[in-house]
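**Student:** Structure of the sequence below:
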Amino acid sequence: MVIFMGYFYDHRNRRPTFCDDVWAYSLEQSTWALLAKAQGPSARYGHVVAIDPPSDRVIVHGGDIGRSNTKADTSHLADAWVFSLSSNTWTALSYNTQGDQGAPSPRSLHTGALLEHEETKYLVVHGGLGVSDTWVLNLETMQWKEHTQLSVAPGERHGATMVVSPVDATTGMQFHHVLTVPAANTQTNSTVVTGENN
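**Tutor:** Below you'll find the model as predicted:
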């Protein structure tokens, strides 16, 4: 189990503290170990983390560096980083803008996951604070593609969770959102489940 960055509220000093560290927990030894600190992306929270076990790496996208956290906030991020679980080192990802189809706007509190189809791996991200779009990053070509032809989509939301289902060999690439978000001004939750083929 690995924890990437985040923040906590320092009640004594009445301010949030943003973290740039990476920690791993050993179930066998019941101990925490610091893997990295201040060697990669800026301290942030509300970022997407997607793990790629066969490649022994974790991908981090976006997040917020903690200013006002509103829809118009300029502290949202659009960068992506890879953390190697074998060397405990960070590498910044550079997007391929040749034949540019754009890239997701800076965002935080979005949802995302890693998807593999026909031996190609993709990072899928959806939504965030004030946004409702869905983007897919091909991790081989490093090009983003916005999915605009979705017949059903969850819409604008933040603080949601995405789970990727296994790919169905008969239908091709498939991803599913399992999203639980608080209903406006209530204590109840609504769950939306959608599926799309590409």
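
**Student:** Spell out for me which residue occupies the centre of this protein.
**Tutor:** Val48 (1.7 Å; C-alpha atoms, centre = their mean).

**Student:** Can you get me a residue count around the nearest residue to that one once chain neighbours are set aside?
**Tutor:** Nearest residue to Val48, sequence neighbours excluded (C-beta to C-beta, 6 or more residues apart in numbering): Gly112, at 3.5 Å. Quick note: C-beta positions are derived from backbone N, CA and C, even for glycine. Using other C-beta atoms under 10 Å, Gly112 is surrounded by 28 other residues.

**Student:** from what I can see the residue nearest to the centre of the chain touches Thr111, true?
**Tutor:** Yes: counting by C-beta atoms under 8 Å, Val48 does reach Thr111; the two are 6.7 Å apart.

**Student:** any residues in contact with both of these two?
**Tutor:** Common neighbours of Val48 and Thr111, counting by C-beta atoms under 8 Å, 6 or more residues apart in numbering, are Val125.

**Student:** on that earlier part again, give me the element the residue nearest to Val48 is part of.
**Tutor:** Gly112 belongs to strand 111-117 when elements are defined using DSSP states H and E.

**Student:** buried sites along that strand?
**Tutor:** Thr111, Gly112, Ala113, Leu114, Leu115 (16 or more other C-beta atoms under 10 Å).

**Student:** Which strand residues bridge the third one?
**Tutor:** On the basis of DSSP bridges, Ala113 is bridged to Val124.

**Student:** what's it in contact with, if anything?
**Tutor:** Going by C-beta under 8 Å, 6+ apart, the list of residues near Ala113 reads Ala50, Leu123, Val124, Met162, Val163, Val164, Phe175.

**Student:** now do 7 Å
**Tutor:** Ala50, Val124, Met162, Val163, Val164 (C-beta atoms under 7 Å, 6 or more residues apart in numbering).

**Student:** From those residues, keep the buried residues only.
**Tutor:** In those, burial by neighbour count holds for Ala50, Val124, Met162, Val164, counting by 16+ other C-beta under 10 Å.

**Student:** ok, the last one touching Leu115?
**Tutor:** Yes: taking contacts as C-beta atoms under 7 Å, Val164 lies within contact range of Leu115: 5.0 Å.

**Student:** Now the terminal residues of stretch 5-23, how far apart.
**Tutor:** 9 Å (C-alpha to C-alpha, to the nearest Å).

**Student:** Double-check Gly46 against His61; I have them as touching.
**Tutor:** No: with contacts defined as C-beta under 7 Å, Gly46 does not count as touching His61, sitting 10.7 Å away.

**Student:** picking that back up, which residues pair with the residue nearest to the centre of the chain across the strands?
**Tutor:** Assigned bridge partners for Val48, using DSSP bridges, are His61.
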